[in-house]
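Enquirer: 3D model of this:
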Amino acid sequence: MQPLPIHLPSGNLLADRRFEWARDLAAKGDLAGAADLLMQALELAPGYAAAWFALGELREKLGERDGAIAAFGQARAADPQDRHGASLHLIRLGAEPAAAMPESYVRTLFDGYAPAFDQALTQGLGYRAPELLLRAVQAAHAGERMKFGSVLDLGCGTGLAGAAFRPFCDWLVGVDLSPAMLAKARAKGLYDRLAEGDVAAFLASEAAAQARYHLIVAADVFMYLADLSAVLKAAAAVLAPSAMIAFSVETHDGDSAMLCETLRYAHGAAHMRAALDRAGLKLVSLDPAATRTEKKEPVPGLIVVANLS
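Expert: Predicted structure coming up:
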C-alpha cells in the first residue's frame with residue numbers, strides 16, 4: 001500500500017485552485033507545468049505545506065534532487081507535525097539520517113486507510129502476516145496445546161491479527177495510533193481492551209503498571225520504526241517469564257535498517273538479531289516470508305519468534 005495523498009488546504013482559495021490544477025497537469029504528465037502552478041500557489045500562500053510537499057515530489061521526478069530536498073524541508077517547516085511525511089523523503093534522499101516516523105504522519109496515514117483497509121490489504125495485496133505469525137507461534141509450541149492468558153497486539157489496526165489469535169487467549173489487548181483504525185477494531189468485538197497511542201509509550205506505561213503478557217504480536221508494525229532495539233527492549237519488559245513475542249518485518253540484503261521507496265523500513269537480518277540480543281530476547285525461529293505483494297511482486301520479509309533468554 002502506497003501512502004495516500006493528503007491535502008491540507010492553505011486558506012487561500014486561489015492558491016488551493018492552483019494546487020488542484022497542478023495535480024491535474026501532473027496526472028496528465030506535464031510535470032514542469034504542474035511545478036510552475038505550485039510555485040504560483042506558493043507565491044499566494046508561502047506557508048502552504050501541501051504545495052511544498054507536492055513540489056518536492058515533482059522536483060524529484062524531474063531529477064532535481066537539491067530542489068526536492070529544499071521543497072520537502074519547506075513542507076516540514078510549514079507543518080511541524082509533518083502529516084505529509086516530508087521528513088521521510090528527506091531521509092530517503094540522503095539529506096538526513098534514519099529516524100523515527102512522525103506520529104502525526106502515521107496517524108494521518110492510517111486514518112485515511114481505515115475505511116477500506118481490510119479489503120485493500122487482504123484482497124488487493126494478499127496480506128497474510130496474521131496467518132504466518134500464528135503458524136510460527138504454533139510451531140514454537142511443538143504440538144503442545146496452545147493457550148495464552150493474555151496477548152498484546154501491537155499496532156493492532158482493524159484487528160486482523162487479533163482475529164487470528166483471539167481463539168488462543170483469555171485476554172486480548174490492542175494498541176494503535178490511529179483512532180479510525182481502532183474504531184474498526186472495536187466494531188469487531190474481538191478485544192477486551194483497546195488503547196490509542198504510540199506503541200513505545202504504551203509499553204512504557206504497561207511496564208510501569210507491572211503488566212505482563214504471555215504473548216506479544218506485532219503484524220507488519222515494525223516497518224514503521226527505524227531501530228528495533230528500543231521497541232523490543234520495551235516489549236521484553238512486559239513479557240511474563242517464558243513468554244514470546246512474534247513479529248513480522250520487511251527485509252533486504254543489507255545489515256541495517258533501510259527506508260524504502262514505499263516509505264516503510266526494511267530491516268536486515270543482522271539488525272534484527274542484534275536488536276533481539278540487546279533486548280535480552282532469544283531467537284526461537286526466523287523464517288523468510290512475504291506478508292504481502294505489491295505491484296504483483298512479493299515483498300521480502302521475515303517472520304520472527306523470540307522469547308526471554
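Enquirer: Report the contact partners of residue 221.
Expert: Going by Cβ atoms under 8 Å, 6 or more residues apart in numbering, residue 221 touches 154, 155, 199, 247. Heads up, the C-betas are built off the backbone N, CA and C, glycines and all.
Enquirer: measure the first one to residue 135 for me?
Expert: Relative to residue 135, residue 154 is positioned 19 Å away (criterion: Cβ to Cβ, to the nearest Å).
Enquirer: what about those two, which has more around it?
Expert: More neighbours surround residue 154 than the other of residue 154 and residue 135, with 24 against 16 (other Cβ atoms under 10 Å).
Enquirer: Pretty sure residue 232 sits against residue 274.
Expert: No. Residue 232 is not in contact with residue 274 according to Cβ atoms under 8 Å; the separation is 10.1 Å.
Enquirer: more neighbours, those two?
Expert: Per other Cβ under 10 Å, whichever of residue 232 and residue 274 has more neighbours is residue 232, with 27 against 15.
Enquirer: That one looks like it's in a strand, true?
Expert: No. According to DSSP: H, G, I helix; E, B strand; the rest coil, residue 232 belongs to no strand; its state is helix.
Enquirer: dump the residue contacts of the nearest residue to residue 147 once chain neighbours are set aside.
Expert: In space, residue 147 comes closest to residue 168 once its chain neighbours are excluded; the distance is 6.0 Å by Cβ to Cβ, 6 or more residues apart in numbering. By Cβ under 8 Å, 6+ apart, the residues touching residue 168 are 146, 147, 148, 151.
Enquirer: just to revisit the earlier point, if you go by neighbour count, which of the contacts of residue 221 are buried?
Expert: By neighbour count, with 16 or more other Cβ atoms under 10 Å, the contacts of residue 221 hold 154, 155, 199, 247 as buried.
Enquirer: residue contacts, residue 77?
Expert: By Cβ under 8 Å, 6+ apart, residue 77 has no neighbours at all.
Enquirer: for it, helix, strand, or coil?
Expert: helix.
Enquirer: Mind giving me the packing neighbours of the helix-or-strand element of the chain with minimal mean pLDDT?
Expert: Least confident helix or strand, the chain: helix 117-119 with a mean of 84, by mean pLDDT, DSSP states H and E. Other helices and strands packing on helix 117-119, by 3 or more Cβ pairs under 8 Å, 6 or more residues apart in numbering; DSSP states H and E, are helix 179-188.
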